[in-house]
Each structure stands twice: as structure tokens, then as C-alpha cells.
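Sequence first, predicted model second:
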Amino acid sequence: MCTIHPNLSGHCCPAPAQVHVSSSPEPAFNFPIPKPGPSRPQEDLEEPPTPLSRQSGTKWLHPYLTGQPCWEDGSTLLPNALPPKPPNTDWSPFKDELQFCIADFLYRREEMSQCNINTLLNLWGLSLMKHGATYGPFDNYQHIFDTIDEIEQGDAPWKCMKVSLNEDLDKAAANWKKKEYEVWYRDPDTVLTNLLANTNFHGQFDYQPYIKLDEKGNRWWGDFMSGNHAWRQAERIFKEDESTRGSLYIPLALGSDKTTVSVGTGDVEYHPLYLSIGNIHNNVRHGHRNAVVPIAFLAIPKAERKYDNDPDFRRFKRQLYHASISAVFTSIKPHMQHPVVRKCPDGHFRRVIYDFAAFIADYPEQVMLAGTVQGWCPKCTAQPTDIDGHAGPRTNELLDGLLGIEMMTYQRIWDEYGFDTSVIPFTRDFPRAEIYKMLSSDLLHQVIKGTFKDHLVTWVEEYLNLVHEKAEANEIMDEIDRRLAAVPSFSGLQRFKQGQRFKQWTGDDSKALMKIYLSAIKGLLPSEVLKCFSAFLDFCYLVRRNDISSTTLSDIQKALQHFHHHREFFRQTSVREDGFSLPRQHSLVHYCENIRNFGAPNGLCLSITESCHITAVKKPWRRSNCYEALGQMLLINQRLDKLAAARSEFVACGMLALEQLSLLGNGTAQGAGNQEGEGGESGAGGATDERVLADVKLACSLHSVFANASAVANELKLRHFPDLLQNFLNEQLGSDEESDGEELEDDILKYMSPISSYRSTVSTFFAPSDICGIRGMRREWIRCTPSWRNSGPRYDCIYLVEDESKPGFHGLNVVRLKALLSFNYEGTDYPCAVVEWFKKVGRAPDPTTGMWIVKPDMSTGES
């Protein structure tokens, strides 16, 4: 196995040593330092080409790389031919369904320890012996592990590359130069073959780049294949080689982020590299349905403190990083130029061609990836002193041109353009790849934790300390904390019981704070601060949508302009005397461009890879004995992948029914549940995969039963409740009669059953821009109880849709639940709710906060 990694350090500064790499059990090989290759042709298309006639409400599919099915040998398949039938699969290597379900349950879901597995199996065997059986489903934990290891589906063994500095070293050389580094990886061709063959992605997989228009002719961006990058690259592949016509374009998305696993000391860290493909829909990738897989664990060089700012050590770390990634993906380089036949989620074979398309990383890693100087933007050449000023894009052509100018020294390129020419990105080894264009937006670190929490919220406290005495500033901060702590319990809202005074902020904490912070600071800070937050929140919630139109892009740009205008307040008040040269905040100017290229940012966010850390790094580390844990972690990952692939195949063959999947905890939705258990610890609801338009279910257990409507009226202290109930029932029955409050004994109410009262209900609805399941569904629990966890009553507010034709809040109204009821009339159950109405204050949102204000509606005197 051999690969070449180009290195530009020899152009204008002394060339660093070559990197020596070996892959067990194969012999070692070297990374020489060749000259940079020829510049690639400049792409001059800002938008994908479009057909001559502009239609609306359609999808324009790419005309060349069409993903046409073929036979396994690559020969042409007749149109509309059915995919090959899956072989008659038995439960091998398991004896039967029971064995598979037990192994999957104990190893994947419960993560049961070896000792506990043995105890359980022994007890199980003893119970079966009473009925004449001689053995249980498994002998011991090793029997389970060995059986999982025999699974052929999803098998992608881990390999090891040994990396060292390829130069003669004396005894006085630094330890980091003498050390041999290990890079663990899996063959990407094998991993991609397994990904493409996963039938779980059927129906959630795009086979062609496309352009989507709505009925009004507006362009929409959502999944990756709807972006310009996929269309443009497919066009380029076809122009370079017309024999690729009919192939399936597979854009590769990489993600990398260091993570710490030891809780106390923080001295154990890993650097996993993840791989996904852009054909899979964003909601599947974001829903953690095995669409993002670990492909490598990169080496993390360590050295003494005196080398922290040593340029040689910094250069070596970058070289090692890029050389490792380049070596890992060597096996698929031929398939980036010539198609190879692979099986796809729908069961058909297709000729596929791979392409590096996107890389998900936080700012420090983007700097390492792009080979730029800290403090500079990795996507454009904006000067750090005026980072939001006018600048051109970074390209390979720009760097090659600078290196070709004799008077352009290494230091000058560093100072004037922010390029670190000592190491060139790994993408130079692969066709059509350019790291500057691959870098995607990072909602988590750039928007949520970066601009909002680390910048704006911090600036508020700094502003208060500047303009007020310390005691007065603390008093205002305490008032903000009290408001944050006073947030009512509600599905989707987080209560900050101690305000902002805790150190370990997670991404979820920052998201929760964003929902309530603007309301908490109103009246305590100048209007310019409120407008700044309002404009930023508009930007944030717009870019977090799963589907973004050309109109939304205009709104995003306007919100960003308003944010830049109002944030000047912090410069004028000396909070930011030096301006706003903040790379993470500057990245917001690239969001519209990235959306056009890659689709909605939700599909390529670092929160996806950080969630993968849990299953790929943190949990496996906790399951290991913590001594030389990496090998154990890799084995755990390999077994989990095999179980997932086997489960997918058993489902595709009709051998594993939905009921068994639900029992195994495969992410399928559960019922409404009982009152105490709904929503888990927080009762906040969450994602679900049910296929419904909208659904509301009362809790399984009722709280109390009332004999008639008058008893309910007395309980609620609502005298006219019988009239309201009769009007409701008349509407349900299609009658136009209204109760006048007289002769109730003769009306339909006396034919009703007793009225049941409930304390909660669960609502399932379509909300693709929130945290949702793979089908865009979300579930929330709604409470209506006089006592909630010993902290007083909880009567939740809900939205009612009054006019679907009106946008946003214009077509909604707000009500507060007073009671959740159900009764039976003539054999039909009628769930209903007693509510208190609110009305909008004014016809538009508040001009300062941009939020609607509502107040109780007392105009009718009714609830």
C-alpha cells in the first residue's frame, strides 16, 4: 500500500522531514515531497446551469450523472427492471430470531457487562432446565461475542498505520521526533460499500443532483444533493469523461473533532474521523441512523510545554494530520475517476463515482485543514484587522499563483494572505477536491455556542460592568438570572434554576438559553442591545431550517445586515473597542454561499459528529477496562456495525417484524405512555418516526371522573361550562343549534357518559425544522395539572391554528389549558379541552424584540 502526500514547505522555507508510514502487516512506505501539481481549471459557474424553459413546482434532475441501475457486472439493465431479489437468508450465524434479538438487546441496547451477561444466562438456563431443556440460547458472554464476530454483514476490519519521522535523529532530538505514532483506520471502500448497501436508507436517498422549485418558481435547498456543489461536480465529472454518463455521483462528507473521555483528569483524548455520504437525506444523518460512521482514529502528537509554540512541532502535527487522511483514503482514489459497481439501498447495482464534497470541523480544525494562519478565515482572504471587509475566496489557484511569484516569500504570504505554506491540504492528492470549498458551516460552534453564548451573552455582562457600578451591575445580572429561573415548566423549555451561573455549558444549554434570553433582558438593557439579539436570533432560526428557499436566503442576508448594524453598539460603548475580528462570528457571512452549495446547514453540523462521539468513543471507552482502551473500543464499534447491518438485512428480507424492532429499541415510536413516565426525566418530548400528519392522544391513565357537566363546572369554577360543552358536541355532530342555558335536562348532555379528566396529553406533529425524527415528526407532552413535581400547578400554553393561509404567528392563536376531558356519546369518544384564550397585542411583533406579545382575552368573559 502506498500513497503520495504533496508538501509545499520547500518553496519559501526549509523543507521539513518526510513522514515515514507503515501499515501492519504491510511494509513501511514513505511520503516524498513532490512539487505541486498543475492548477485545476477555474470554476466560473456561480449557479448550476438550468433548462431553457423555467417551470415551477418541479425537480430538475441532473441530465448526465443519472444513477441508472445496472447489472452486477456493470452491463446495462432494462428500464423499470426490478432489483435482484435478496438471497433466501437464514439467521446465520445465529440459530434463530431469539438468538439474534438476545445478542442485539444485551450488547447494543443494554450494554450489559460480561459478568452480568453470564449471571443472566445461568439463571435463564436453570429456569429452562425445569421444563426439560438442557441449555439456554447462549452458553456465556463469550458465546455471544463470538457469534457477533461471525456476522458477515457490515464487516469492515480495523487496520493500523505506524507513522514516524523519516530522518536521522541524534540522541538530543525531541521525544516527539523519535516517537512512532499509530493511526487506526478502516478501508473506506469497504465502509462505503456497506453504507451504500444499507436498505435502511431506501426512500431517504437521492440518486441524482437536482434543482427544486416551488409553485411560484422559487428555488429551494434542503438535502445535500439539492445544492450547487453536487450539480457542479457532476457536470465537471461528465465533461472530463463522458463515459461516466449514467453513473451515480457519491459526494463524501468527512467530519473530525477531538474529544475527551476521562471525566476527572481530562487526560485521555481521541481524534476520530467520521465519514458519511451526501446522498443520504439530512434528517437521516441528523437522526443518527448509522449514516455517519467512524473511519479512522488519528494520532494526537504530544510534547513538552516548551514545544507549544515551536514552529517545527506545529508543522509536524499538520503534516501528520494531512498525510494520515491522505493515506486512509488511498484505496478509493481510482474510484474518483473511474466508476465502480456497487449495490444501493433500493437493491439495484449502479456504477458509482466518489468525490470529496464537504468537511465538518470547528474553527481550530478548519485552520489546520485549510493550512491557514490562526485568526484568518479559512474560506476567504479577509484581513484579520477587518475580517468582515471585502475579500476574495481562497483557492488552489490563488496559492499556486502566489508561490509562482519570485518576490513572494513565505513570510509575506503568511502576513498578507494568511496561508501557511509549510503543509498543503490532503485534498491535493485527490481529483477535483479543494479544501477551501469543502469547509461547511458549523451551527454549533459558529452560531449557537460561538456568536450567541461566547460573544453576545458575554458582551452583555461586560457592558453592564462598564456603565454601572459593580454592585448595580451585579443586581441587574441577578435580575436576569431570576427571570431565567422563573421560566414556567413547558415542553421544549429549560429552566435555569441558578441563572447563568454554571461553568459547563453544553450546546443544548446554549440552545435553551436562546429561547428565553431576549425576554429575560427586556427592560434591563438599551433597545440597541435588544435589537442586536433580535436580529441575530432571526438569523439563527432561519439558517436552522431544514428547507430554505431563495426568499429565506434574502431574509437571512437582511437579518445578518441588521445584526452587523446593531452590534456596533458594543463598539461604541467600548465593549469591543478593537472591533469584531472574530473568525467564528465572521463565518456567518459565508452561510448563504454554503447553503447554496451544500443545502441546509442542519445536515452538515458538528453537532452530528459530537453525537457520534457518544456511540463511537465515549460509551465504548466506558465499556473498556480503560487500559490501552483504543483496541477494545474499535472492536466494540465493529460489533455494533455488524449488528446494525444484520438487523437491516433481516428487516429487508421480512424476517424481523416491526414489533421485534420496537422491543429492541430501534428508535420506533412508543405510545402515549402513562402520566408519570411521559417524556422521561424532563418531560420535554422529542423526535419520533411515526408516519402521521398530526395526532393528539390523552394519557393512558385518567385522573378523575365527574358524573356530569355540572360537576365539572363546580370543579373548574366555570358556571357556563355546560353551555360550552353542549355547543362543542353540537359542532362535532354537525348541528347548528346553540345552547341558551335553559332546559338542560332535556338536552343531549344527559345522554353522555361520565366525564373523565386527565393531567396530560401527547401531541405528535410535523416539525422538520426542530429536532425531529427521520420523517420530520416531533412529539411533545402537554401538561394540565394542579401540582407538578411539588412545585405548584402547571397549565401549559399551546398554539391553535386559526388560519393556515397566513404565515407564521399571523395564523395562530395562543390558549392556556384549564382541563383535559373525554366523554362518550352514542358509542363515540370525544376528547376535548377547556382553555383560556389570549389575544395579540397589536397587529405586528414588538419593534424592539421582534417578538409577539399576547395577553388574556377578557373581551367575551368566557374561557
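Ah, there it is. Residues are numbered from 1 along each chain as shown.

Report how many residues lie close to the closest residue in space to residue 586 that isn't next to it in sequence.
Leaving aside its chain neighbours, residue 586 sits nearest to residue 387 (4.5 Å; criterion: Cβ to Cβ, 6 or more residues apart in numbering). Just so you know, the C-beta spots here come from the backbone N, C-alpha and C atoms, and that holds for glycine as well. For residue 387, the count of nearby residues is 21 (other Cβ atoms under 10 Å).

Do I have it right that residue 387 meets residue 580?
Yes. Distance between residue 387 and residue 580: 7.5 Å, which falls inside the contact criterion (Cβ atoms under 8 Å).

list the residues that contact both of these two?
In terms of Cβ atoms under 8 Å, 6 or more residues apart in numbering, residue 387 and residue 580 are both contacted by the residues residue 586.

mind listing the helices for the stretch 1-150 of the chain?
Listed in chain order, the helices found in the stretch 1-150 of the chain under DSSP state H, counting those that start in this stretch are 97-104, 114-129, 141-149.

Same question for the stretch 501-650 of the chain.
In order along the chain, the stretch 501-650 of the chain carries the following helices (DSSP H, counting those that start in this stretch): 507-521, 527-543, 550-566, 568-572, 583-586, 591-598, 606-613, 619-623, 629-652.

Which among the ones you listed is found nearest to residue 370?
Relative to residue 370, the nearest member of the helices of the stretch 501-650 of the chain by Cβ to Cβ is helix 583-586, separated by 11.4 Å.

Can you spell out which helices and strands pack onto that closest one?
Counting contacts by 3 or more Cβ pairs under 8 Å, 6 or more residues apart in numbering; DSSP states H and E, helix 583-586 is packed against no other helix or strand.

For stretch 233-244, give the mean pLDDT please.
If you average the pLDDT over stretch 233-244, you get 95.

Quickly find the element holding the nearest residue to residue 395 once chain neighbours are set aside.
Nearest-residue entry for residue 395: residue 436, 6.2 Å, with adjacent residues in sequence omitted and distances by Cβ to Cβ, 6+ apart. Remark: residue 436 resides in helix 435-438, with elements defined by DSSP states H and E.

after that helix comes which helix or strand?
helix 458-467.

quick one: buried residues of that next one?
459-461, 463-465 (16 or more other Cβ atoms under 10 Å).

ditto for stretch 575-585
Neighbour-count burial for stretch 575-585 flags 575-576, 580-585 (criterion: 16+ other Cβ under 10 Å).

Least confident secondary structure element in the chain?
The least trusted helix or strand in the chain, going by mean pLDDT, DSSP states H and E, turns out to be strand 28-31, with a mean of 30.

hmm, back to that, wait, the residue nearest to residue 395 touches residue 367, no?
No. Applying Cβ under 8 Å as the test, residue 436 and residue 367 come out as separate, 11.9 Å apart.

Can you check the pLDDT for residue 50?
For residue 50, the model assigns a pLDDT of 46.

that older thread, where do the contact lists of residue 436 and residue 367 overlap?
Contact criterion Cβ under 8 Å, 6+ apart; residues shared by residue 436 and residue 367: residue 378.

on that earlier part again, export the helices of the stretch 1-150 of the chain as TSV, with columns for mean neighbour count and distance to residue 794.
Rendered in TSV, the data for those read as follows (neighbours: other Cβ atoms under 10 Å; distance: least, Cβ to Cβ, whole Å):
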stretch	mean neighbour count	distance to residue 794
helix 97-104	20	38
helix 114-129	14	39
helix 141-149	17	45
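
Just put the buried residues of helix 458-467 in TSV and tack on pLDDT and distance to residue 730.
Compiled in TSV, the buried residues of helix 458-467 are given as follows (pLDDT from 0 to 100; distance: Cβ to Cβ, whole Å):
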residue	pLDDT	distance to residue 730
459	96	57
460	95	54
461	94	57
463	96	58
464	96	57
465	94	62
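
ranges for the strands of the stretch 201-350 of the chain?
In chain order, the stretch 201-350 of the chain shows strands spanning 210-213, 219-221, 248-256, 259-260, 269-277, 293-298, 340-343, 349-360, with DSSP state E, counting those that start in this stretch as the criterion.

can I get these in CSV with mean neighbour count and distance to residue 77?
As requested, these are exported to CSV (neighbours: other Cβ under 10 Å; distance: least, Cβ to Cβ, whole Å):
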stretch, mean neighbour count, distance to residue 77
strand 210-213, 19, 22
strand 219-221, 21, 31
strand 248-256, 25, 13
strand 259-260, 16, 44
strand 269-277, 21, 22
strand 293-298, 24, 29
strand 340-343, 18, 11
strand 349-360, 24, 8
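
got those strands as CSV, with distance to residue 528 and mean pLDDT columns?
Conversion of these to CSV gives the following (distance: least, Cβ to Cβ, whole Å; pLDDT from 0 to 100):
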stretch, distance to residue 528, mean pLDDT
strand 210-213, 39, 94
strand 219-221, 33, 94
strand 248-256, 38, 96
strand 259-260, 39, 90
strand 269-277, 41, 95
strand 293-298, 45, 95
strand 340-343, 56, 96
strand 349-360, 35, 96
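
of the ones you listed, which approaches residue 64 most closely?
Residue 64 lies closest, by Cβ to Cβ, to one member of those: strand 248-256, at 9.4 Å.

helices or strands up against the closest one?
Strand 248-256 is packed against helix 188-196, helix 228-240, strand 269-277, strand 349-360, helix 606-613, with contacts defined by 3+ Cβ pairs under 8 Å, 6+ apart.

what's the longest one packed up against?
Think helix 228-240. Packing partners of helix 228-240 (3+ Cβ pairs under 8 Å, 6+ apart): strand 248-256, strand 349-360, helix 591-598.

In a markdown table, list those along with distance to residue 605.
Output for these, formatted as a markdown table (distance: least, Cβ to Cβ, whole Å):
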| stretch | distance to residue 605 |
| --- | --- |
| strand 248-256 | 9 |
| strand 349-360 | 7 |
| helix 591-598 | 11 |
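
picking up where we left off before, wait, what's in contact with the residue nearest to residue 586?
For residue 387, the set of contacting residues under the criterion of Cβ under 8 Å, 6+ apart consists of 376-377, 580-583, 586.

how much space is there between it and residue 322?
Counting by Cβ to Cβ, to the nearest Å, the gap between residue 387 and residue 322 amounts to 25 Å.

Repeat that for residue 365.
Applying Cβ to Cβ, the value for residue 365 to residue 322 is 12 Å.

And for residue 156?
Look at residue 156 and residue 322: by Cβ to Cβ, they are 23 Å apart.

Between the two, tell me which one has more neighbours.
Set residue 156 next to residue 322 and count neighbours by other Cβ under 10 Å: residue 322 wins out with 26 against 22.

Okay, now the unreliable bits of this structure?
Of all residues in the chain, those with pLDDT under 70 make up the ranges 1-57, 88, 263-266, 288, 491, 502-504, 658-695, 735-747, 765-777, 859-863.

was I right about residue 379 contacting residue 590?
Yes. Counting by Cβ under 8 Å, a contact exists between residue 379 and residue 590, whose distance comes to 5.5 Å.

These two: who's more crowded?
In this view residue 379 and residue 590 are compared by other Cβ under 10 Å, and residue 379 has more residues nearby, 25 against 19.

what's the burial count for residue 112?
For residue 112, the tally of surrounding residues (other Cβ under 10 Å) stands at 17.

for it, what are its contacts?
When contacts are counted by Cβ under 8 Å, 6+ apart, residue 112 touches 106, 120.

can you do 10 Å?
With contact taken as Cβ atoms under 10 Å, 6 or more residues apart in numbering, residue 112 is in contact with 105-106, 118-120, 141, 144, 623.

Right, I'll leave it there.
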